[in-house]
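Trainee: Need the 3D shape of this:
(2 chains)
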Amino acid sequence: MSENKKETILLIEDDDDHAEIIEFYIQENSSDYDIVRLADGKLALDYIKELQTDPWLILLDLKVPKFDGHEILKYIKSNDTIKHLPVVVFTTSNSDKDITSALELGANSYLVKPTDPDEFLQNIALLLAYWKINKRSHITEETSR
Amino acid sequence: MEEFLKNHIKLKHRIYLSYAISSLFLLAVIVISFFAFKSTSNDFVNFLKISTNSQINFEIIKNVERIQNQVLLYTSSDLSSSADKVDLLHEEVLNLIQNSTIVQEDRSGRLTPMLNNLKEYYKTFEELKKQKKLRDSLLRQIRESANIIEHSFHSFNRKKVVNKLIISKLLNDFLQIEKNAFRYFDTLDGNYVKNAKKSIKNINEQLALLQLKEKNPLFEEISSSILQYEKIFLEAVQRTRGYLYLVNVVMAAQAYEILYNADKLNDNLLNSSNQSKKNIMNVIKNTTEFLPLVGLTFLVLLAIFSYIILKSITSPITSLTETFNGLAQDENIKIKEYKLNDELGDLTKAATVFKNTNATTKELLKKSQTLTGELETKQMELERSNDELEQFVYTVSHDLKSPLVTSMGFIGIIKKLAGEGKLEEAISKLDKVVKSNDRMNQLIGDLLDLSRVGRIDFEKKSIDMSLLLENFKQTQKITLRENDITLKIEQNLPTIYANESRVLQIFENLISNAIKYAKNPNGTILEIGSKDEANNHLIFCKDNGPGISKEYHKKIFALFYRLDNSMEGTGIGLAIIQKVMKFHGGYVWVESQEGKGATFWLRFPKGKKDERK
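Mentor: Residues are numbered from 1 along each chain as shown, chains lettered A, B, ... in the order given. Got it, this is the predicted structure:
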């Protein structure tokens, strides 16, 4: 795995401190990931619209300035070329309304801040594993064509 | 007239009145017609009577003429049947006069003399008959006497007389006398009487001569017979003349008298008849001219009366119908007054009651609607308040959690780093925890402040804004200088009725915001001014910063909302301004375009208190 090119994780988070904490835990757990942090909704959407390579995971805070996290989620999951990307909503809100709407829009996981770092990492790892299988079959399909 | 009827006579009586008036007019026409016909019929009966009488009169005249004719016939022709006819006709005339109604009706007094004349006439006729009988007997005597004389002359022929020739001549003369006598009775010519008398005198002279000559007593006998004859003849002549006088003078005069009276009577009758005729014609003429005119006049009057009465009945009904229609359509119409206590009066009263009930119902409905509206508004307010509260709780919990997450996160990192022996690194992270806790503290403090708006510092007073803001400018001197902000305050700002410390808080927050978001590299300029509205005082704070995009004009007033999270602050300042303005019954809004600065407007309603000032 270490020979492989590093996987990218998209971190959409306005709070610098929160971003720092998340980055710390991910980097501490594994050095396989490149983290791209986007501080507001507008930056995030602009970035996603011009994706060169697929990120392995998108970590999305719902409360970001300029464009709401819901709108970003909606854009990703309604766009055929990127809707397969796993999105983990990671936010302070634990209201039923937010959880339901996020899952309905197609979020792959919903985590409420603050969370136990191990639980957080486990969740991400699980998603990544699932994603890798999916991606491989996706590539095989493309090459067999 | 119509008004009088409406105001003084009840509906039922008005209908009766119309019947009564119609009947009255009909009765009047009938009565007039009746009297017209009655008068005509009287005149007509009169006319008929007169005509009958006239006919009777003619009958009388005719019969009198017939009588006269029969009398003349009787006198001239010796017909006894004529006398009978005279009797009969006389009877008839008497009957006609006595049995006819003329006697009673006769006002001219012609009939009584006529009757008397007739009686006289008939008496004379009786006399005439007597005279005629007498004359007839005399005539018979004359004939007998003549026979005797003729016989005497014939007896001379049987005896051998001296001179037969003379005797024959005498006989002849005698026969001549006889002839003259009868001629007289036939013609009644007096000359024959003269001739007879002359011949008789002549015969007697000759007989006297013969007596002297022959002395025959027979001559003397004949002579006396002839004298006798002459005597009878003269008497007969006398009688004849007598009754001729009766017939020709007395009876003719009487007949004439009768006819004259009859004629006069006829004239009278004719006059009466003409009068009657004239009357009838007048009545007919008047009736034919007058009746249609009267009828027409009555008809017109009847039509007018009927129209007025009908109008007096229908117009209130129509008006009432209109009233009820109006009431049914819920119009607030005026009910026309109706004075009488009849059926329509009751209906009018009912309309008034109906209207009042309607009005009451309407009022109740209005009240109920108002109450429902108020209730709905209240409920909506409550719901909104509930939503706001929910939103508030949600936002507060979410935003309060954020520093907690930071704090917990860094504590975890510190633990990890400490566990790994990276103590220096761990200690460096402690500052983060402190900062996040400070922030938490600030958030809670601001929230507390927000919650105090309207609860604490609620006393209001009149504030001279110019004075207040000049003092404010002094207190903010250092802050303004440090941030390179020029604050310009307009002269003659209004005096508003508000809570002073809250108003000051508004401007503190606005300056704090301007420091964070309205930076102009060439120097920030803030202008505070005012604008007058009819019911409000408008105060504005204008900056020359980068401006705010339109989509954030409302969002920026929301709790914890920040345009830039990298900036210091809790995102509560504008929310506090909004709540303060709401507490003063006004509100705050922003007008801005990107690159052209922003203007915050504060609207304070003009209260009674600052009007007083």
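Trainee: For residue B:444, give me its contacts.
Mentor: residue B:400 (Cβ atoms under 8 Å, 6 or more residues apart in numbering or on different chains). Any C-beta I mention is one placed from the backbone N, CA and C, and that applies to glycine too.
Trainee: Doesn't it lie inside a helix?
Mentor: Yes: with DSSP: H, G, I helix; E, B strand; the rest coil as the criterion, residue B:444 is part of a helix.
Trainee: What separation is there between it and chain A?
Mentor: According to Cβ to the nearest Cβ, to the nearest Å, residue B:444 and chain A sit 16 Å apart.
Trainee: Residue 125: which element?
Mentor: Answering for chain A, as no chain was given. Using DSSP states H and E, residue A:125 falls within helix A:117-144.
Trainee: I was thinking of chain B, sorry if that wasn't clear
Mentor: Following DSSP H and E, one finds residue B:125 within helix B:111-158.
Trainee: pLDDT of that helix, averaged?
Mentor: Here helix B:111-158 scores 82 as its mean pLDDT.
Trainee: Break down chain A into its strands, ranges please.
Mentor: A:7-12, A:33-38, A:57-60, A:87-91, A:109-112 (DSSP state E).
Trainee: now for the helix holding residue B:125, which elements pack on it?
Mentor: helix B:11-77, helix B:80-99, helix B:164-187, helix B:217-245, helix B:252-328 (3 or more Cβ pairs under 8 Å, 6 or more residues apart in numbering or on different chains; DSSP states H and E).
Trainee: What count of nearby residues applies to residue B:206?
Mentor: Per other Cβ atoms under 10 Å in any protein chain shown, the neighbour tally for residue B:206 reads 16.
Trainee: And it, which helix or strand is it part of?
Mentor: Assigned by DSSP H and E, residue B:206 falls in helix B:190-214.
Trainee: Quick one: work out the angle between that helix and helix B:217-245.
Mentor: For helix B:190-214 against helix B:217-245, the angle by axes from the mean of the first three to the mean of the last three Cα atoms, to 10 degrees is 170 degrees.
Trainee: what's the average pLDDT for the one helix or strand residue B:528 maps to?
Mentor: Per DSSP H and E, residue B:528 falls inside strand B:524-532. For strand B:524-532, the mean pLDDT works out to 92.
Trainee: May I see the buried residues of that strand?
Mentor: B:524-530 (16 or more other Cβ atoms under 10 Å in any protein chain shown).
Trainee: TSV for the strands of chain A, including distance to chain B?
Mentor: Shown next, in TSV, are the strands of chain A (distance: least, Cβ to the nearest Cβ, whole Å):
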stretch	distance to chain B
strand A:7-12	13
strand A:33-38	13
strand A:57-60	14
strand A:87-91	8
strand A:109-112	9
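Trainee: Can you tell me which residue of the stretch 351-500 of chain B sits closest to chain A?
Mentor: residue B:409 (3.4 Å; Cβ to the nearest Cβ).
Trainee: Which pLDDT value goes with that residue?
Mentor: pLDDT, residue B:409: 91.
Trainee: give me every residue that touches it.
Mentor: Counting by Cβ under 8 Å, 6+ apart, residue B:409 has contacts A:17-18, A:20-21, A:114.
Trainee: got it, and residue B:285?
Mentor: Counting by Cβ under 8 Å, 6+ apart, there are no residues that residue B:285 touches.
Trainee: Nice, that's everything, thank you.
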